[in-house]
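The sequence and its predicted three-dimensional model are supplied below.
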Amino acid sequence: MEILIPVFQIITSTFRVSTPLVFAALGGMMSERAGVINIALEGMMLMGAFGGAVVALTLHSSLYGALGAIAFSVGIAAIYGFFAIELRANQIVAGTAINMLAAGLTPFLSKVLYESSTSTPNLPLELRFQSSPVWVAWGLVILSWFWMKYTPSGLWIRFAGENPEALDSAGVRVKRVRWAAVLLSGLLAGLGGASLSIFLSSSFSRNMTAGRGFMALAALIFGKWKPIPTAAACLLFGFFDTLQIRLQGVVLWGTAPVPVQFIQILPYVVTIFVLAGVVGQSKAPKALGLPFIQD
Amino acid sequence: MKTGKSLFLFFQPIFSVILGLGIGLLITYAAGESPWNVFQIMVKSAFGSRYDLGMTLFYATPLIFTGLSVAVAFHAGLFNIGGEGQLEIGALATAAVGICFAGMPFPFAPILGVLGGILGGALWGAIPGWLRARRGSHEVINTIMLNFISAGLCSWVTLYVLKNPDSQNPETASIGVGYLIPQLKFFAEAPVSVAILLALLAAVLVWFLLWKTSLGFELRAVGQNEVAAKAAGIDVGKIRILAMVIAGGLAGLVGVSEVLGNAGRFKIGMSPGYGFMGIAVALLGRSRPLGVVASALLFGALHKGTSDLDFETENVTRDLSLILQATVILCVSADGLWSFFGNRLKNKHQIKKNLKGKLNFPVKTKSEAESSSTVTP
């Protein structure tokens, strides 16, 4: 029976660690299925993590913290949407810039507010989420699967990414659908960020997303831009992460500790293989990255 | 019309930079500082003394390499976001050569180190090039993934294979003394080395390659119109792989400035994002070698200029550098921004033509999408 305890720990830890990824990957899915590339996921998460920590601290409530996270991340998503959709900036360039903006703005604001550019003050335990973000994340997975598949507005999102001309002919404004998708993407990525700063840890620290936005993007591709496989990919990557943390400094064979770096790079390696069609084909939405110009 | 257009092409980046810097600096109001004051501190800190100027050039050197790297890929219609990984692998290769053949005498040693860097970066660039050409998977995602993979690999090699035995820092052992290249004495203590001359040489070579050789012509042809290039008998896949190999090799040269010219070893976290800044540099320089050199100097100055803000101002930190870079990139990249002002691209047809001519993703209009689907089998 005792052998089950570490197994149980690994399972719960996997679910906890993959929660930010699930939120962010769902967010990425919204905008990418609507035809807007979302390299900016990392930056949106970072803003969410910061906003969550600051608002939870100021208003003494984790729930308000989550709302604050949404406000911050939707704000930066709106900047991204403005440049990517309205001004037709190259989405990859604009996304990279948004990531830089978030990486610079968060320590800048942290310094102004708390005299420290490395981290915000610690949140007491009662201002942090216990396990609810895990449930919310998986609830949203089911919800978005149903929404994308069975509702008219879900269909609009898919058509905005696959065949925007057809959507336009059907009398739906492609730009509006894309705007909604990008803002929704910001909302979800913000929740992902908040689950880093007020669920998994107790403060915001500089660059705390550490590439999780890109890992979410990898999960999205691994999951072929579909909600349930994407969430499963997040779980797998979360498992790698848990394993990596547990094996840090552990000597399994010989004298040297396990090189955890090789576990860390696994998500990215499998994504490359999946994208190359070695392990099942992964096809992006057809109009991904193409600006839409109303005729 | 022609002169009007080229004037626009010349002034647009300049206006974008001014606008971007303006917006970015306005943010310092939030920290209770006067933007003008911050700007003055930055100018002084970037150009105030020989040392400051040297530091600006030191930061500009890797940016010339990564900017050229992104530019070459751009011309072949590829988006190289992998500069960060390529420069890390290249710099690590340079350091590895310097550690493994530590006894090499001076003139040969740095040459060997340079070749190691080119080879390492080229190899790391070849992977997404091959994947795009032969497996059809997009280089943007692959280069992002490879950035993380290279970070993991470099950290493992640094900590377990080439570890500096005398230090707890995440860095490799030091390279042989024969490898160190001379620093330019004019700039006092600043670590700017002859690597900057190599960077300028690389810019000239890239210009020569792109506009004076048949390979360069084929490369640009592939970038501008893949279908036409294929029809003209160009092996598009081969050109794409070659372009990424060259791009990777250029990024791999960053190690010459950082490892051979400054630290004498590879350090984890050595690059403050030179690979990503290279995108901005290439974009602002319109992927022309001269433009890349000029915008690398600007971004080098930005990086140096913000470095003194930590102690020169109350609340503004050097993080302002990232904010300014971001606002400048956004303003430069925003195609539609300029039609707001100039009304130059009012006509939608013109916008589409403009988008198509740029080396990003193919933009299909409705009629083109129909016609291409009937032409291609």
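Sure thing, it's come through. Quick caveat: nothing in here was measured; it's all calculated off a predicted structure.

Low-confidence stretches in the stretch 151-295 of chain A?
A:278-282, A:294-295 (pLDDT under 70).

how about 80 then?
The stretch 151-295 of chain A contains residues with pLDDT under 80 at A:247-258, A:277-284, A:289, A:291-295.

cool, the stretch 51-200 of chain B as well?
B:106, B:178, B:182-183, B:185, B:188, B:190.

all strands for it, in order.
For the stretch 51-200 of chain B, applying DSSP state E, counting those that start in this stretch gives no strands.

Next: chain A.
Shown for chain A, no strands are assigned by DSSP state E.

of all of it, which residue lies closest to chain B?
As assessed by C-beta to the nearest C-beta, chain B sits closest to residue A:104 within chain A, at 2.9 Å. (Glycine included, C-beta is placed from N, CA and C.)

close enough to count as contact, that residue and residue B:327?
No - at 9.4 Å, residue A:104 does not count as touching residue B:327 under the criterion of C-beta atoms under 8 Å.

Just give the nearest non-adjacent residue to residue B:220, would you?
Spatial nearest neighbour of residue B:220, chain neighbours left out: residue B:75 (5.1 Å); criterion: C-beta to C-beta, 6 or more residues apart in numbering or on different chains.

Tell me if I'm right that the one you found and residue B:209 touch.
No - using C-beta under 8 Å, residue B:75 is not in contact with residue B:209; the gap is 9.7 Å.

Which residue would be the closest one in chain B to chain A?
residue B:322 (2.9 Å).

Tell me how many other residues crowd that residue.
By other C-beta atoms under 10 Å in any protein chain shown, 28 other residues sit near residue B:322.

Which residue is the nearest non-sequential neighbour of it?
residue A:104 (2.9 Å).

got a list of what that neighbour touches?
Residue A:104 is in contact with B:319, B:320, B:321, B:322, B:323, B:324, B:325, B:326, counting by C-beta atoms under 8 Å, 6 or more residues apart in numbering or on different chains.

Reformat the residues you listed as a markdown table; add pLDDT.
Below are these laid out as a markdown table (pLDDT from 0 to 100):
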| residue | pLDDT |
| --- | --- |
| B:319 | 86 |
| B:320 | 89 |
| B:321 | 88 |
| B:322 | 89 |
| B:323 | 91 |
| B:324 | 91 |
| B:325 | 89 |
| B:326 | 91 |
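
Quick one: residues in contact with stretch A:71-81.
The contact list for stretch A:71-81 (C-beta under 8 Å, 6+ apart) reads A:36, A:40, A:43-45, A:47-48, A:50-52, A:55, A:94-95, A:98, A:101-102, A:178-179, A:182-183, A:185-187, A:189-190, A:193, B:330.

mind redoing it with 6 Å?
A:40, A:44, A:47-48, A:51, A:98, A:179, A:182-183, A:186-187, A:189-190 (C-beta atoms under 6 Å, 6 or more residues apart in numbering or on different chains).

buried ones in that stretch?
A:71, A:72, A:73, A:74, A:75, A:76, A:77, A:79, A:80, A:81 (16 or more other C-beta atoms under 10 Å in any protein chain shown).

And for the nearest residue to the second one once chain neighbours are set aside, the neighbour number?
By the measure of C-beta to C-beta, 6+ apart, the closest residue to residue A:72 outside its immediate chain neighbours is residue A:51, 2.8 Å from it. The number of residues packed around residue A:51, counting by other C-beta under 10 Å, is 29.

Return the residues of chain B in contact with chain A.
Residues of chain B that fall close to chain A, judged by C-beta under 6 Å from any C-beta of the partner chain: B:31, B:79, B:131, B:135, B:137, B:140-142, B:144-145, B:148-149, B:152, B:155-156, B:276, B:279, B:315, B:317, B:319, B:322-323, B:325-326, B:329-330, B:333-337, B:360-361, B:363, B:366.

follow-up on the earlier one: tell me which element the residue of chain B closest to chain A falls in.
helix B:320-333 (DSSP states H and E).

residues making contact with that helix?
A:83, A:89-90, A:93-94, A:97, A:100-101, A:103-105, B:16-17, B:19-20, B:23-24, B:27, B:280, B:283-284, B:302-303, B:306, B:309.

tell me the contacts of residue 179?
No chain was given, so I picked chain A. Residue A:179 neighbours (C-beta under 6 Å, 6+ apart): residue A:81.

Can you look at chain B instead?
So residue B:179 contacts B:98, B:109, B:110, B:113, B:260 (C-beta under 6 Å, 6+ apart).

ranking those residues by neighbours, who comes first?
residue B:98 leads the contacts of residue B:179 on contacts (other C-beta under 10 Å) with 31 neighbours.

sec struct for residue B:270, please.
coil (DSSP: H, G, I helix; E, B strand; the rest coil).

what sits against it?
residue B:258.

Try it again at 7 Å.
B:91, B:258 (C-beta atoms under 7 Å, 6 or more residues apart in numbering or on different chains).

Kindly provide the distance from it to residue B:93.
13 Å (C-beta to C-beta, to the nearest Å).

mind listing what the closest residue to residue A:107 other than its chain neighbours touches?
Spatial nearest neighbour of residue A:107, excluding adjacent residues (C-beta to C-beta, 6+ apart): residue A:117 at 4.0 Å. Residues near residue A:117 by C-beta under 7 Å, 6+ apart: A:107, A:110, A:111, A:206, B:317, B:319.

quick one: low-confidence parts of the stretch 1-150 of chain A?
Looking at the stretch 1-150 of chain A by pLDDT under 80, you get A:1-4, A:117.

For it, what lies in contact range of chain B?
Proximity of the stretch 1-150 of chain A to chain B (C-beta under 7 Å from any C-beta of the partner chain) is limited to residues A:83, A:86-90, A:92-94, A:96-97, A:100-101, A:103-105, A:107-108, A:111-112, A:117.

List buried residues within those residues.
The neighbour-count test (16+ other C-beta under 10 Å) marks A:83, A:87-90, A:92-94, A:96-97, A:100-101, A:103-105, A:107-108, A:111-112, A:117 as buried among the residues of the stretch 1-150 of chain A next to chain B.
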